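Fold the stuff below for me.
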Amino acid sequence: MANSTSSSLIDLSHMVEDGLITYRGLPAPVICDFLSREESRKHYAEGTEFHIGKIEMVANTGTYVDAPFHRYAKGKDLSELPLSSLADLPTIVVRAKAHKIDAAHFEALDVSGKAVLVETGWSRHWKTDAYFEGHPFLTEDAATLLRDLDAALVGIDSLNIDDTRDGHRPVHSTLLAAEIPIVEHLTNLAALPKEGCRFFAVPVKVRAFGTFPVRAFAKAENQ
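Model (predicted):
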């Protein structure tokens, strides 16, 4: 039974590790001991030891979710996002190999109330220089359509859902204004069927924070 349950869960997250660069210009996480196992032995009975780790990182590390507060000072922060916007969402996967992913990719789809996950294949470049150059992104008209069609969440397996050359960040601006969370740096989306999964991407419940890493995953609905 345990193996059957495990096989129905599909991990869609990158690993966070010491020194990882997720986005050029942002510092890598520093992962170290706060209390090592050796030091902990002084505090416990013989044969008993614990490890307490310490991590220093920016919020935009690994696979992460953006809440409205990331873009808007008065937008909902991570602590205010309802779980219903992040977990157990019916899912539709859009396989898009275009560089600019426009509204035409979504026009014929029923995305209402669903997590829309855009598979570009870009995650194959993770942890390489190529990941940061010429990444696929959604256009403003795509974001407007997804908003108007009432998508619940939008995710992508690329460096950024916006064209990073555009300082207006229209996709973030449009979706987050409509309280539609964004998940970036997904991976393994090719393992998902077009439909028939439930999506989960729940961050830590942090006040006055707009972004945080998640362990994103999908579960087959028939399991």
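
Need the per-residue pLDDT for the residue nearest to residue 51 when sequence neighbours are not counted.
Using C-beta to C-beta, 6 or more residues apart in numbering and skipping residues adjacent in sequence, the residue nearest residue 51 is residue 37, 5.2 Å away. (C-beta placed from N, C-alpha, C; glycine too.) In this model, residue 37 is scored at 98, pLDDT.

Give the buried residues for stretch 156-168.
Neighbour counts using 16 or more other C-beta atoms under 10 Å place 156-163 of stretch 156-168 among the buried residues.

brain fart, stretch 212-223
Here stretch 212-223 shows 212-214, 216-219 as buried, counting by 16+ other C-beta under 10 Å.

Out of those residues, list just those in helices.
Of the buried residues of stretch 212-223, none are assigned to helices by DSSP state H.

Among those residues, which one lies nearest to residue 85?
Using C-beta to C-beta, residue 214 is the member of the buried residues of stretch 212-223 that sits closest to residue 85, with 12.5 Å.

gap between that closest one and residue 150?
According to C-beta to C-beta, to the nearest Å, residue 214 stands 22 Å off from residue 150.

just residue 130 next, same as before
In terms of C-beta to C-beta, residue 130 sits 35 Å off from residue 150.

next one: residue 54
Separation of residue 54 from residue 150 (C-beta to C-beta): 42 Å.

So which of these two has more stuff around it?
Set side by side, residue 54 and residue 150 show more neighbours around residue 150, with 13 against 10, by other C-beta atoms under 10 Å.

Enumerate every residue touching the residue nearest to the more buried one when sequence neighbours are not counted.
Nearest residue to residue 150, sequence neighbours excluded (C-beta to C-beta, 6+ apart): residue 112, at 4.3 Å. Contacts for residue 112 were tallied using C-beta atoms under 8 Å, 6 or more residues apart in numbering; they are 149-151.

pLDDT value on residue 112, please?
On the pLDDT scale, residue 112 gets 98.
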